[in-house]
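A.B. asks: Sequence unavailable; structure follows:
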């Protein structure tokens, strides 16, 4: 099994032009290192410390400590670690994915999520063991099973996907997850349904219907919610003016932004910024009821 060590201290590595293509392997990206992945592997990334920026076909993402993110091979994510960031990754080719499918009917999907401290420590231990020079693809099994367990909440959703076979349901769910990730990665603008249809290779009607049934929220509603959550984050973490926050969150003007923000959070953007942190509504949960956040961080 091909081994790749740390991409560290400003190093830049690309798998795009690898002549033989990367086989299942483990890699670490740390301290301003960057890695461009190949379009032949499914990748899973786990943030152990600091932050990492990820840019893919689905958009741009920020990984914080104990978060994970997974991409289909077509996504070709570019991983860029922050100054103090440590991110470990696993790339899985077709052989590894087939093996995973035989292990207790497991699979891994595109998506995002969080790990507990224990799950993060276990992932690091199994990742280190998989780097043993004497290891082979079958010794990846413990790590693959652990990665699948991080996505255990997704399993029930797969069953609700349309399709007669388990394989078809997985295919549909994988595409829906890519659509959801695209919305999350483009929370700075309004996303058209046509973009999601092109990404998933589904019709706009089929996409909207299936998305609503799986996530109990339409793509348009999720896009609006994510843009408002982005605005709340910018108000908390930056000194941008209200108009700048509105523009950076995909709103055409301050008036439409003000109405949408008040409807979502129950207060104006100005008051929200001035609130003590402990009194601010949780942007991820406020007014969300029982809505599911499958695949989201």
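C.D. replies: Cool, got the structure. Predicted model only: the values in this text are computed from it and were never measured.

A.B. asks: Where do the strands of the stretch 1-150 of the chain begin and end?
C.D. replies: 6-7, 12-14, 25-30, 34-36, 42-49, 52-56, 59-63, 67-71, 78-81, 86-92, 111-114 (DSSP state E, counting those that start in this stretch).

A.B. asks: Format these as a markdown table; extra columns: mean neighbour count, distance to residue 231 and mean pLDDT.
C.D. replies: C-beta: built from backbone N, CA, C; applies to glycine. As requested, those are exported to a markdown table (neighbours: other CB atoms under 10 Å; distance: least, CB to CB, whole Å; pLDDT from 0 to 100):
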| stretch | mean neighbour count | distance to residue 231 | mean pLDDT |
| --- | --- | --- | --- |
| strand 6-7 | 20 | 34 | 88 |
| strand 12-14 | 13 | 33 | 89 |
| strand 25-30 | 23 | 30 | 90 |
| strand 34-36 | 19 | 29 | 94 |
| strand 42-49 | 24 | 24 | 96 |
| strand 52-56 | 22 | 20 | 97 |
| strand 59-63 | 18 | 16 | 97 |
| strand 67-71 | 25 | 21 | 97 |
| strand 78-81 | 23 | 24 | 97 |
| strand 86-92 | 25 | 27 | 94 |
| strand 111-114 | 20 | 20 | 95 |
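
A.B. asks: Just the buried residues of stretch 234-249, please?
C.D. replies: Across stretch 234-249, burial judged by 16 or more other CB atoms under 10 Å covers 234, 235, 242, 245, 246, 247, 248, 249.

A.B. asks: follow-up on the earlier one: with residue 263 as the reference, name the closest of the strands of the stretch 1-150 of the chain.
C.D. replies: Proximity to residue 263 (CB to CB) singles out strand 59-63 among the strands of the stretch 1-150 of the chain, at 25.0 Å.

A.B. asks: Okay, angle between that closest one and strand 86-92 too, please.
C.D. replies: 130 degrees (axes from the mean of the first three to the mean of the last three CA atoms, to 10 degrees).

A.B. asks: Closest to the centroid, which residue in this structure?
C.D. replies: Central residue of the chain (CA atoms, centre = their mean): residue 112, 3.5 Å from the mean position.

A.B. asks: ok, it touching residue 181?
C.D. replies: Yes. Taking contacts as CB atoms under 8 Å, residue 112 lies within contact range of residue 181: 7.1 Å.

A.B. asks: What sits closest to residue 253 if chain neighbours are left out?
C.D. replies: residue 246 (7.2 Å; CB to CB, 6 or more residues apart in numbering).

A.B. asks: Now do the one you found, the pLDDT please.
C.D. replies: Note for residue 246: predicted pLDDT of 97.
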